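Visitor: Sequence and predicted structure are below.
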Amino acid sequence: MSDKTRSGSSGTGVDPGERTALVVGATGIGGSALVDLLAADGWDVIALSRQPGVARSGVRPLSADLRSAEDLTRALADERPTHVFFTAWSRQPTEQENIVVNGGMVRDLLAALSHAPLEHVALVTGLKHYLGPFEAYGQGGMPDTPFHEDEARLDAPNFYYAQEDELFAAAGRGGFHWSVHRSHTVIGHAVGNAMNMGLTIAVYASICRALGTPFVFPGSLTQWNGLTDMTDATILADQMLWAATAPEGRDEAFNVVNGDVFRWRWMWARIAEYFGVEPVGPGGDLQPLEQQMANASPTWQRLVDEHGLVGPELDRLASWWHTDADLGRQIEVVTDISKSRLAGFTSYHRTIDSFTALFDRYRAERLIPAG
């Protein structure tokens with residue numbers, strides 16, 4: 001975190017030790033990074049997830065089912081957080097079900113905290129705010145790139161809109177401040193996450209190396225050649241903390257990406273170099289990972305045995321479908337981040353460094369082969 005960002009995090013004049021943060025979805029990619037940041041910054045942290053994580057200094061794990069209003073009421077009855085960071089979602093078969101479930105989770109969680117002295121609630125959404133839901137992804141009318149926060153909502157059902165509306169309504173009743181954080185694809189450390197491009201690519205490259213096969217880009221020529229950007233989980237965490245504690249971050253929606261842009265034809269070659277595999281660009285037809293890796297489980301099990309890996313089964317490590325969706329897009333996706341920068345948020349990452357640092361960590365933890 002930059003000095004300017006950190007000075008913003010103390011802009012309310014309240015010592016971090018007097019604040020209690022509730023991180024919802026604490027074992028996910030964004031939630032994990034946020035728990036690390038808050039704990040390092042001296043906050044008391046309640047780490048809420050369906051399955052409790054490991055307790056450590058300054059962090060207290062809490063287990064609850066976000067889809068159950070009754071369970072949330074039970075779990076949060078004695079909790080009094082000052083700040084809530086909502087980073088969770090639950091994938092459903094249709095967008096209408098996504099709206100019911102994910103909007104309901106925000107509503108029910110904030111209702112269960114009606115007794116708490118809330119100062120700020122931060123909500124993570126994403127660029128489907130501009131692109132549309134999965135079932136109509138990148139189809140129909142969309143704003144021009146780069147995406148700006150003041151674009152009107154699309155005329156289509158979208159669970160991000162439902163989550164925002166529940167947040168706004170609760171803030172109106174409870175009098176707390178809010179922020180919304182629209183990330184692009186988030187890369188960071190997590191296992192068993194539904195949208196984990198970093199680990200998915202690492203697993204794919206490791207399998208290609210083991211089989212001696214080319215590292216084939218699974219996506220479209222549009223993504224291969226066009227400009228894009230990404231969001232490091234630590235950048236997302238930095239921005240959420242800044243917005244929750246700096247006056248300039250109150251009651252605003254912010255895009256959040258690393259700050260650099262790249263083309264996948266450049267990035268793919270550098271990731272291939274890291275893993276020692278041969279990069280191959282897209283052909284005329286998409287070659288999705290769900291198709292390429294359909295029979296990869298035996299190879300992965302061999303790597304687990306040979307390298308003493310500690311990771312779970314392949315389908316909990318790799319989210320083929322999500323990486324296919326991102327890399328298969330037939331549209332340019334790039335994000336404007338001027339709004340938060342002009343407001344005082346200055347954290348920055350180079351995306352290739354985000355990838356390699358993540359790969360190094362996965363190797364050190366024996367989730368993927370070391371070489």
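Guide: Sure, I can see it.
Visitor: Report the separation between residue 175 and residue 272.
Guide: 52 Å (Cβ to Cβ, to the nearest Å). In short, each C-beta sits where N, CA and C put it, glycine included.
Visitor: For those two, indicate the residue with more neighbours.
Guide: Between residue 175 and residue 272, residue 272 has the larger neighbour count (other Cβ atoms under 10 Å), namely 19 against 9.
Visitor: could you list every residue that touches the more buried one?
Guide: Neighbour list for residue 272: 205, 215, 278, 279 [criterion: Cβ atoms under 8 Å, 6 or more residues apart in numbering].
Visitor: Unless I'm misreading it, the first one sits right up against residue 275, doesn't it?
Guide: Yes - using Cβ atoms under 8 Å, residue 205 is in contact with residue 275, at 3.9 Å.
Visitor: So residue 22, which state does it fall into?
Guide: Put simply, residue 22 is strand when judged by DSSP: H, G, I helix; E, B strand; the rest coil.
Visitor: how about the nearest residue to it, chain neighbours excluded?
Guide: residue 81 (3.9 Å; Cβ to Cβ, 6 or more residues apart in numbering).
Visitor: neighbours around that neighbour, how many?
Guide: Residue 81: 23 neighbours (other Cβ under 10 Å).
Visitor: can you check the one 4 residues further on too?
Guide: Counted with other Cβ under 10 Å, residues neighbouring residue 85 total 31.
Visitor: who's it bridged to?
Guide: Per DSSP bridges, the residues bridged to residue 85 are residue 23, residue 122.
Visitor: List the residues that contact it.
Guide: Residue 85 sits in contact with 21, 22, 23, 24, 31, 34, 121, 122, 124, 240, 244, where contact means Cβ under 8 Å, 6+ apart.
Visitor: Just the buried subset of these, written out for PyMOL, thanks.
Guide: Applying 16 or more other Cβ atoms under 10 Å to the contacts of residue 85, the buried members can be selected in PyMOL as follows:
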select buried, resi 21+22+23+24+31+34+121+122+124+240+244
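Visitor: Now distance to residue 301 and pLDDT too, for the contacts of residue 85, in JSON lines please.
Guide: Output for the contacts of residue 85, formatted as JSON lines (distance: Cβ to Cβ, whole Å; pLDDT from 0 to 100):
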{"residue": "21", "distance to residue 301": "39", "pLDDT": "98"}
{"residue": "22", "distance to residue 301": "39", "pLDDT": "98"}
{"residue": "23", "distance to residue 301": "34", "pLDDT": "98"}
{"residue": "24", "distance to residue 301": "34", "pLDDT": "98"}
{"residue": "31", "distance to residue 301": "29", "pLDDT": "95"}
{"residue": "34", "distance to residue 301": "33", "pLDDT": "97"}
{"residue": "121", "distance to residue 301": "43", "pLDDT": "98"}
{"residue": "122", "distance to residue 301": "40", "pLDDT": "98"}
{"residue": "124", "distance to residue 301": "34", "pLDDT": "98"}
{"residue": "240", "distance to residue 301": "38", "pLDDT": "98"}
{"residue": "244", "distance to residue 301": "43", "pLDDT": "98"}
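Visitor: Now flag whichever of the contacts of residue 85 is closest to residue 319.
Guide: residue 31 (16.2 Å; Cβ to Cβ).
Visitor: Just to check, that closest one is in contact with residue 37?
Guide: No - using Cβ under 8 Å as the test, residue 31 is too far from residue 37 to be in contact (10.7 Å).
Visitor: Name the single longest helix found in the chain.
Guide: Using DSSP state H to define each element, the chain has its longest helix at helix 95-112.
Visitor: Report the angle between that helix and strand 20-24.
Guide: 160 degrees (axes from the mean of the first three to the mean of the last three Cα atoms, to 10 degrees).
Visitor: what is the mean pLDDT for helix 95-112?
Guide: The pLDDT scores in helix 95-112 average 98.
Visitor: Could you give me the buried positions within it?
Guide: Here helix 95-112 shows 95, 98-99, 101-112 as buried, counting by 16+ other Cβ under 10 Å.
Visitor: Which neighbouring elements make contact with that helix?
Guide: helix 69-76, strand 83-86, helix 159-174 (3 or more Cβ pairs under 8 Å, 6 or more residues apart in numbering; DSSP states H and E).
Visitor: now do 10 Å
Guide: On a contact count with 3 or more Cβ pairs under 10 Å, 6 or more residues apart in numbering; DSSP states H and E, helix 95-112 meets strand 20-24, helix 69-76, strand 83-86, strand 120-126, helix 159-174.
Visitor: would a markdown table of the ones you listed with distance to residue 183 be doable?
Guide: As requested, the helices and strands packed on helix 95-112 are arranged in a markdown table below (distance: least, Cβ to Cβ, whole Å):
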| stretch | distance to residue 183 |
| --- | --- |
| strand 20-24 | 15 |
| helix 69-76 | 24 |
| strand 83-86 | 13 |
| strand 120-126 | 5 |
| helix 159-174 | 11 |
